[in-house]
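[1] Generate coordinates for the sequence data below:
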Amino acid sequence: MSDSRAALLDAAAEEFARTGLHGTRVQAVVRRAGVNERMIYHHFGSKEGLYAAVIDEQRTGLAAAWAPVLDRAATLDPYAGMRAAFTGFYDILRARPRVLALMLHESLSGSGALSLPTADRLPRAIRDLYERGQEEDVFRADCPFEVAYATAMGALVALQVFTPPLAIEAGTPELRDRVIGQLLDGMTGPVPGHATR
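    Purely as a prediction, here's the structure:
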């Protein structure tokens, strides 16, 4: 990767994370990157092309950081493996605040640069852990993997957004562990005599 391309991706990630696609000015990106404005068009074709490249780079970086965590989690029993996978995701996301900010801006703007994965593209390691846990009666048999995964990812992302305003142990391992315990153990666990759906 050329120096100017790398500098633009880094500067643009910061600017887009702060102000989103529509609020970011090309001049702010090139000033932060210390390169000529023409380099945006040379490398990316447009501001939108630069934005798409930033989204792709950030998503790829997040996936690459999570991959070894998932590999390790896959070797554990289902409960411990899911806990390790979710803990790792939380820690990686927390260490990459640009990713979260970009995801939020993208969700609100709807530009289409961040396409959510379809069910068949969700991490295989987590699916295997969950299904093994269902077979071993560790996880509920009546809750499809896709619902459990979406719930967990939603909670872990939302935790990053809501903890500062709520001032609840923001960013501490204790809060992370409580939330992941809540995800894995549920609100109450099975309630005798109460049907679950």
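
[2] which stretches of the chain form helices?
    3-23, 26-33, 38-44, 47-73, 78-95, 97-109, 124-135, 145-166, 173-185 (DSSP state H).

[3] I'd like those as TSV, with mean neighbour count appended.
    From N, CA and C alone the C-beta is placed, and that goes for glycine too. Shown next, in TSV, are the helices of the chain (neighbours: other Cβ atoms under 10 Å):
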stretch	mean neighbour count
helix 3-23	19
helix 26-33	18
helix 38-44	17
helix 47-73	17
helix 78-95	19
helix 97-109	17
helix 124-135	18
helix 145-166	15
helix 173-185	15
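
[4] Present those helices as a markdown table; the columns should include mean pLDDT.
    Compiled in a markdown table, the helices of the chain are given as follows (pLDDT from 0 to 100):
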| stretch | mean pLDDT |
| --- | --- |
| helix 3-23 | 93 |
| helix 26-33 | 95 |
| helix 38-44 | 94 |
| helix 47-73 | 94 |
| helix 78-95 | 93 |
| helix 97-109 | 82 |
| helix 124-135 | 93 |
| helix 145-166 | 81 |
| helix 173-185 | 81 |
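
[5] Centre-most residue in this protein?
    Geometric centre of the chain, nearest residue: residue 93, 5.9 Å, by Cα atoms, centre = their mean.

[6] Just to check, that one is in contact with residue 158?
    No. Residue 93 lies out of contact with residue 158 (Cβ atoms under 8 Å); the separation is 11.2 Å.

[7] Who are the contact partners of the residue nearest to the centre of the chain?
    Residues near residue 93 by Cβ atoms under 8 Å, 6 or more residues apart in numbering: 62, 99-100, 156-157, 160.
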